[in-house]
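Visitor: got a structure for you, letters missing:
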C-alpha cells in the first residue's frame, strides 16, 4: 500500500500512471482504425469492381436484345455515370470491358458505337463497298506488260521523254477519235480532279459564290470549290424551276455529271440536257461536264460538249475506267479559254507522265481498252444483279433504277448514325438532311472471291439494321 501525504500527491501519481499507459492505448486505437479503413477500402473496391461489371453486363444485354443496334451510338460516359450513380471512371472501365468483348468501338470526337458483327474477312481486310474504283486484279496486266516491253524495245530511252504541256500529240489525236471530240481543244490531265483544280484556278475570283452544283453531287468537287449553291436532282436531271431561281447573274459555272451521275446513277434525258444548254447560252454560264462513266451506258447519249461546245468545259477521267494507279484523263475547253488553261497547267504542274501517255495510246490503238471495257461491263452487270437480288429481300430499301456503272444509290427508311457502315453515306454527297437515309454501294473494288464472301455479310448487315 502506498501512502501519500496530500491530495496533490495523489493526483500527481495518477497522472504518471496514465501517461505510461497512453502510448499503448493510442497504438491499440490506431491499429483498430487502420483495420476499419482497410476493410472499408476493400469493400469500396469490391463494390466498384462489381458495379463496372454490372454496367458492362447490362449494356451487353441491351446490345444483344437489339436496344442498341450495330452501328448505333450508345449513351455517353457522363450519362451512364448519372444513371448508375457512380463516377465516370467506373463507366470507363465498363466500356473497356465491352471493347474486350468485341461489342463496341470508340471514335475520337464522335462517341462510342456498337460494332457490326463479322466486319472483317478471313484475311483481315474490310469488305469495301465504299471505294468507287475497279479492282486492279481485273486489269489485263499481261497485255500492259507486253505494251511497256514493246515501248522500251522500240523507243529505248525516248520512251521516258517528257511531253508538251498539252499532252502527247498522238494520244490527243487518239482520244479525239475515240471520244468524238475536237483534238485541237483537248488537254491531257492527271485525272478529273486536276481538271477541276485547273478550272478553279482559271475562275479564281470568289469561285465558291459563282458555281452551282447538283444535289447530291461528287464530294471531291464540293471540297475543292467549297460549294454553297445547289439545285435538287430529279430522275432525269436537275429541277429546272430551282435552277432558274439560282441563275441571278452571279453564277458563272454549273458543275454536273449528266452521264451516270455520281452518286445517284441518274443520266440526263435529252430534253433536260437541251433545257440546261439553253440556259447556259442565255444567262450565260459555263457547264463543267464531268464524264464519270459514260462507257457503261446502254447507248451513246447527247452531251453538253456536243450541244453547246463553247459553253462547256468537258472533263474525263480514265482512271475510273481502267485502274486507280493510271492517273490520266483529259479535258476539252472552249476555244476562248484554251490558252488560259494551258498556261495555268504549265504554272501548276509541267507535264503528266510521258511513258503513261504512250502506254495509254498503245492500249487504245491495239483495241485492248475496248475489250477491257466490254469485259468489265459484263462483270458489272453480273454483280449489280446479285446485289439487287439481296436488296429486294429488304422492303425498307429502295434502289433508283435504271442505274449504270458500278455504284448503286440506295434509299432506306431510317438514318444510320455510325462511322462503321460498309458503304458511303448520303451526307458525304449532300448537306441536305433528306439524303442521310441514302447510301452508295460501290461494288467493283473487290476481287471475285472477296465479293462472293461480301454478299452474305452485306445481307446480314441489312437484316440487322433494317429487318427482313
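Guide: Yep, it's here. In this text the structure is predicted, and so the values were computed from the model without any measurement.
Visitor: what does the model give the nearest residue to residue 101 once chain neighbours are set aside for pLDDT?
Guide: Of all residues not flanking residue 101 in the chain, residue 60 sits nearest, at 6.6 Å (C-beta to C-beta, 6 or more residues apart in numbering). In this view, the C-beta of every residue, glycine as well, is placed from N, C-alpha and C. Looking at residue 60, its pLDDT reads 87.
Visitor: Can you give me the distance of residue 60 to residue 425?
Guide: Residue 60 sits at a distance of 27 Å from residue 425 (criterion: C-beta to C-beta, to the nearest Å).
Visitor: cool, residue 324 as well?
Guide: 22 Å.
Visitor: the more surrounded of the two?
Guide: Using other C-beta atoms under 10 Å as the criterion, residue 324 and residue 425 rank with residue 425 on top: 19 against 16.
Visitor: Next, the contact list for the more buried one, please.
Guide: The neighbours of residue 425, taking C-beta atoms under 8 Å, 6 or more residues apart in numbering as the test, are 416, 436, 439.
Visitor: Neighbour-wise, which one of those leads?
Guide: Counting by other C-beta under 10 Å, top hit in the contacts of residue 425: residue 439 with 25 neighbours.
Visitor: where's that one, which helix or strand?
Guide: strand 438-442 (DSSP states H and E).
Visitor: and if you look at residue 342?
Guide: Per DSSP H and E, residue 342 falls inside helix 335-348.
Visitor: The chain: strands as residue ranges?
Guide: Along the chain, the segments classed as strands by DSSP state E run 104-107, 111-114, 186-189, 211-215, 229-234, 237-238, 253-256, 286-291, 312-317, 329-332, 398-399, 407-411, 424-425, 438-442.
Visitor: Can you list the buried residues in stretch 275-286?
Guide: Neighbour-count burial for stretch 275-286, counted by 16 or more other C-beta atoms under 10 Å, picks out 275, 276, 277, 279, 280, 285, 286.
Visitor: For residue 252, state which of the residues you listed is nearest.
Guide: residue 285 (5.4 Å; C-beta to C-beta).
Visitor: For residue 215, which residues are in contact?
Guide: Counting by C-beta under 8 Å, 6+ apart, residue 215 touches 230, 231, 232, 233, 430, 431, 432.
Visitor: Looking at the residues you listed, which is nearest residue 367?
Guide: Lowest distance from residue 367 to the contacts of residue 215 (C-beta to C-beta) belongs to residue 233, with 36.0 Å.
Visitor: what number of residues lie near that closest one?
Guide: Neighbour tally, residue 233, other C-beta under 10 Å: 23.
Visitor: Residue 330 is in contact with residue 316, isn't it?
Guide: Yes: Residue 330 lies in contact with residue 316 (C-beta atoms under 8 Å); the separation is 5.6 Å.
Visitor: about what we covered before: tell me the angle of the strand holding residue 439 relative to strand 407-411?
Guide: If you take axes from the mean of the first three to the mean of the last three C-alpha atoms, to 10 degrees, strand 438-442 sits at 160 degrees to strand 407-411.
Visitor: Pairing partners for strand 438-442, with directions?
Guide: strand 407-411 (antiparallel), strand 424-425 (antiparallel) (DSSP bridges).
Visitor: Of the ones you listed, which is nearest residue 145?
Guide: Across these, residue 145 has its closest neighbour in strand 407-411 (30.0 Å, C-beta to C-beta).
Visitor: quick check: mean pLDDT across that closest one?
Guide: On average, strand 407-411 scores 96.
Visitor: Now do it: distance to the chain's middle.
Guide: Mean-position distance between strand 407-411 and its chain equals 14 Å (C-alpha atoms, centre = their mean, to the nearest Å).
Visitor: In this structure, where is pLDDT below threshold?
Guide: Within the chain, the segments meeting pLDDT under 70 span 1-49, 116-126, 205-206, 349-351, 417-420, 467-468.
Visitor: ok, residue 175 touching residue 187?
Guide: No: using C-beta under 8 Å as the test, residue 175 is too far from residue 187 to be in contact (10.4 Å).
Visitor: intersection of neighbour lists for these two?
Guide: Joint contacts of residue 175 and residue 187 (C-beta under 8 Å, 6+ apart) are residue 330.
Visitor: Make CSV out of the strands of the chain and add distance to residue 156.
Guide: Formatted as CSV, the strands of the chain follow (distance: least, C-beta to C-beta, whole Å):
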stretch, distance to residue 156
strand 104-107, 53
strand 111-114, 57
strand 186-189, 23
strand 211-215, 46
strand 229-234, 51
strand 237-238, 50
strand 253-256, 43
strand 286-291, 35
strand 312-317, 31
strand 329-332, 27
strand 398-399, 52
strand 407-411, 42
strand 424-425, 45
strand 438-442, 41
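Visitor: out of the ones you listed, nearest to residue 262?
Guide: Nearest of the strands of the chain (C-beta to C-beta): strand 407-411, 6.7 Å.
Visitor: I'd like to check what contacts the closest one. Which residues are they?
Guide: Contacts of strand 407-411 (C-beta under 8 Å, 6+ apart): 132, 262-265, 384, 387-388, 391, 397-400, 403, 423, 437-443.
Visitor: cool, and stretch 79-87?
Guide: With contact meaning C-beta under 8 Å, 6+ apart, stretch 79-87 is reached by 48, 51, 54, 55, 75, 88, 90, 91, 94.
Visitor: and it, which residues are buried?
Guide: Using 16+ other C-beta under 10 Å as the test for burial, stretch 79-87 gives 80, 81, 84, 86.
Visitor: Just the residues contacting the helix holding residue 342, thanks.
Guide: 165-166, 185, 187, 189, 197-198, 201-202, 310, 313, 331, 333.
Visitor: Go through it and flag the buried ones.
Guide: By neighbour count with 16+ other C-beta under 10 Å, helix 335-348 contains the buried residues 337, 338, 341, 342, 344, 345.
Visitor: Now do that helix against strand 312-317, angle only.
Guide: Put simply, helix 335-348 runs at 40 degrees to strand 312-317, going by the same axes, to 10 degrees.
Visitor: please renumber so the chain begins at 777
Guide: I'll keep to 777 as the first residue from here, and by that count the last item is helix 1111-1124.
Visitor: Report the angle between helix 1111-1124 and strand 1062-1067.
Guide: Between the axes of helix 1111-1124 and strand 1062-1067, defined by the same axes, to 10 degrees, the angle is 70 degrees.
Visitor: still on that earlier bit, can you put the strands paired with strand 1214-1218 in TSV and add distance to residue 1150?
Guide: Shown next, in TSV, are the strands paired with strand 1214-1218 (distance: least, C-beta to C-beta, whole Å):
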stretch	distance to residue 1150
strand 1183-1187	20
strand 1200-1201	27
